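Visitor: Need coordinates for the below:
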Amino acid sequence: MNENRSSLAARRDAGDSGDPTASLATVAANYRDELVRSFEAAAFWSAIALPFLHVPLLLSGLTTTAEQVAFVSLLALNVIALVVGHSHHESER
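Guide: Just a heads-up that it's a prediction; the model follows:
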């Protein structure tokens with residue numbers, strides 16, 4: 001029984017009330033933050049890599065409608081990746 005009381009006191013001193021919903025909320029917030037950071041990193045690196053896909057389309061001359069649609073779609077995807085990945089900082093990891 002003393003061990004139980006001392007562990008409760010240690011958790012209370014550490015700021016843990018023992019409330020499972022508080023712990024769950026903390027875990028969910030940590031996972032959400034990690035997911036957002038991962039998504040931003042993927043968008044950041046996609047924004048760097050996507051322009052290399054524009055080169056073959058531009059060299060082919062964009063003569064067909066399919067090539068024009070592909071180019072505009074890649075361009076839009078690149079802009080979205082730039083906006084989403086803008087706040088990625090590698091040093092924060």
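Visitor: Checking residue 87 next. Helix, strand or coil?
Guide: Three-state call for residue 87 (DSSP: H, G, I helix; E, B strand; the rest coil): coil.
Visitor: Secondary structure element for residue 38, which one?
Guide: Assigned by DSSP states H and E, residue 38 falls within helix 20-49.
Visitor: That helix packs against which elements?
Guide: helix 65-85 (3 or more CB pairs under 8 Å, 6 or more residues apart in numbering; DSSP states H and E). All C-beta spots, glycine's among them, are computed from the backbone N, C-alpha and C.
Visitor: Not counting its neighbours along the chain, what's nearest residue 53?
Guide: Excluding the flanking residues, the one nearest residue 53 by CB to CB, 6 or more residues apart in numbering is residue 74, at 5.6 Å.
Visitor: tell me the contacts of the one you found?
Guide: 50, 53-54, 57 (CB atoms under 8 Å, 6 or more residues apart in numbering).
Visitor: Just those residues: which are in helices?
Guide: 53-54, 57 (DSSP state H).
Visitor: pLDDT weak spots in this protein?
Guide: Along the chain, the parts satisfying pLDDT under 70 run over 1-21, 91-93.
Visitor: What sits closest to the residue nearest the centre of the chain if chain neighbours are left out?
Guide: In the chain, the centroid-proximal residue (CA atoms, centre = their mean) is residue 39; its distance is 2.0 Å. What sits nearest to residue 39 in space, not counting adjacent residues and going by CB to CB, 6+ apart, is residue 84, at 7.1 Å.
Visitor: what's the spacing between residue 66 and residue 73?
Guide: Using CB to CB, to the nearest Å, we find residue 66 at a distance of 10 Å from residue 73.
Visitor: joint contacts of the two?
Guide: Common neighbours of residue 66 and residue 73 are not found (criterion: CB under 8 Å, 6+ apart).
Visitor: Nearest to residue 79 among the contacts of residue 74?
Guide: Nearest to residue 79 among the contacts of residue 74 is residue 50, at 9.6 Å by CB to CB.
Visitor: Excluding chain neighbours, give the residue nearest to that closest one in space.
Guide: Residue 50's closest residue in space is residue 78 (CB to CB, 6+ apart), at 4.3 Å.
Visitor: In this model residue 44 seems to touch the one you found, though I could be wrong.
Guide: No - assessed by CB atoms under 8 Å, residue 78 is found out of contact with residue 44, at 11.8 Å.
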